[in-house]
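S.K.: need a structure here:
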Amino acid sequence: MINMNFYLRYAVTKRMSRVLGKATGVTIAATLVGLFIVPFSPAMAQVSVQSSVQFVPTPPDQGAPDGRQRGGATRGDCVTYQDLVAIVPRVENVVWSQTTSATPTFFFDVLADLTEEIPLEFVIQDANDEYVFQQQFEVNAEAGLLAVPTMSETAENAGLALDESYQWTFSIYCDEDRPSAAVSVSGTVQRVADGSAGPISDDELTPDKQFERLQQYAAAGIWHEAIEIAITLHQAEPNNVTYQETLASLFMQAGISETLPAEAPTAGSIPVEEKREEIPPAESPSDSSLVSPMGDVL
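M.R.: Here you go, the predicted structure:
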């Protein structure tokens with residue numbers, strides 16, 4: 001197995017950074033279209049998963065399309081990106097998730113470097129196929145987890161309505177000569193009422209309070225808020241075993257545990273740029289990883 005550091009690329013807007021800071025109690029720096037680089041915590045790969053957080057999903061809507069959690073086989077220039085994975089659970093064979101937010105964040109595992117020459121697109125459509133969110137963008141970043149916020153100051157975004165379900169699609173247009181060859185993942189998201197204890201005041205924004213909120217969201221099947229808090233807590237305290245176990249457990253319960261590393265990098269390992277030469281092209285999703293504390297904004 002490949003032994004290396006991986007990175008979480010976290011694209012945010014200014015408004016998104018304020019929302020995350022308020023929701024999690026962690027201060028997040030951002031530019032208008034920022035990109036976070038977050039180094040992986042070696043201890044994460046060695047954790048024994050015994051989390052107290054149980055994700056209990058609500059069954060998907062009857063007739064909801066199956067969606068696609070993984071990119072699947074392709075040819076040509078897009079082979080490099082065929083192992084794209086949506087960090088969204090599969091419930092009863094449907095890529096299905098719930099959120100309490102009108103503007104949730106989506107996470108994707110991209111196993112190859114992205115450049116400005118490769119357009120990306122994320123869209124959300126309602127039951128009438130009308131776009132409620134549509135964003136095209138490009139980034140220069142190494143392989144890792146990409147977070148796409150749907151609160152954007154540049155995208156057309158009507159937001160998700162309460163108790164409504166929507167179809168989303170994330171696409172990598174990796175072959176400029178054949179746009180139809182894009183690697184895509186897709187699923188259904190539903191916005192539901194927030195049944196938690198309500199807003200938390202600034203004085204109560206402690207890690208323990210946030211962890212309690214995470215447990216509540218997971219038990220109610222609310223994926224987007226649960227995974228977002230779990231990632232942010234782990235970033236703030238990468239050596240916290242409880243946070244390591246929680247993040248690993250959520251990935252396992254969502255059916256995407258192969259995105260966790262099979263082998264931990266050693267302390268003082270050689271730079272990522274050198275180690276990337278060891279990576280064979282188009283490996284399976286098991287070669288990807290989660291990561292930890294907040295790094296610099298590109």
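S.K.: Who are the contact partners of V56?
M.R.: Neighbour list for V56: 218-221 [criterion: CB atoms under 8 Å, 6 or more residues apart in numbering]. Where C-beta positions appear, they are placed from N, C-alpha and C, glycine not excepted.
S.K.: can you tell me which of those are in helices?
M.R.: 218-219 (DSSP state H).
S.K.: filter the contacts of V56 to the buried ones?
M.R.: 218, 220-221 (16 or more other CB atoms under 10 Å).
S.K.: Make JSON lines out of those and add pLDDT and distance to T103.
M.R.: Output for the buried ones among the contacts of V56, formatted as JSON lines (pLDDT from 0 to 100; distance: CB to CB, whole Å):
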{"residue": "A218", "pLDDT": "96", "distance to T103": "20"}
{"residue": "A220", "pLDDT": "95", "distance to T103": "19"}
{"residue": "G221", "pLDDT": "96", "distance to T103": "19"}
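S.K.: Hmm, E121 and W168 touching each other?
M.R.: No: the criterion here is CB atoms under 8 Å, and W168 misses it with E121 at 11.0 Å.
S.K.: Between those two, which has more neighbouring residues?
M.R.: W168 (24 against 16; other CB atoms under 10 Å).
S.K.: Leaving out chain neighbours, which residue sits closest to the more buried one?
M.R.: The shortest distance from W168 to any non-neighbouring residue, by CB to CB, 6 or more residues apart in numbering, is to I124 (4.7 Å).
S.K.: any idea which element that neighbour lies in?
M.R.: For I124, the host element (DSSP states H and E) is strand 120-125.
S.K.: Let me know the distance separating the nearest residue to A220 once chain neighbours are set aside from A147.
M.R.: Nearest non-adjacent residue to A220, counting by CB to CB, 6+ apart: G195, 6.0 Å away. Distance of G195 to A147, computed by CB to CB, to the nearest Å: 25 Å.
S.K.: These two: which is more packed in?
M.R.: Comparing G195 with A147 by other CB under 10 Å, the one with more neighbours is A147, at 21 against 12.
S.K.: From the contact counts, what lies against whichever strand or helix holds F108?
M.R.: Here F108, judged by DSSP H and E, is contained in strand 105-110. Secondary-structure packing of strand 105-110 (3 or more CB pairs under 8 Å, 6 or more residues apart in numbering; DSSP states H and E): strand 85-86, strand 144-149, strand 165-172, helix 223-236.
S.K.: what mean pLDDT does that strand have?
M.R.: In this model, strand 105-110 has an average pLDDT of 93.
S.K.: strands paired with it, and their directions?
M.R.: Taking DSSP bridges as the criterion, strand 105-110 forms sheet pairs with strand 85-86 (antiparallel), strand 144-149 (antiparallel).
S.K.: By mean pLDDT, show me the worst of the ones you listed.
M.R.: Here the strands paired with strand 105-110 differ in mean pLDDT, and the lowest is strand 144-149 at a mean of 89.
S.K.: That one: which residues count as buried?
M.R.: 144-149.
S.K.: which one of the residues you listed sits closest to T115?
M.R.: L146 (13.3 Å; CB to CB).
S.K.: close enough to count as contact, that closest one and L111?
M.R.: No: contact criterion CB under 8 Å: L146 and L111 do not qualify, at 10.8 Å.
S.K.: Noted, bye for now.
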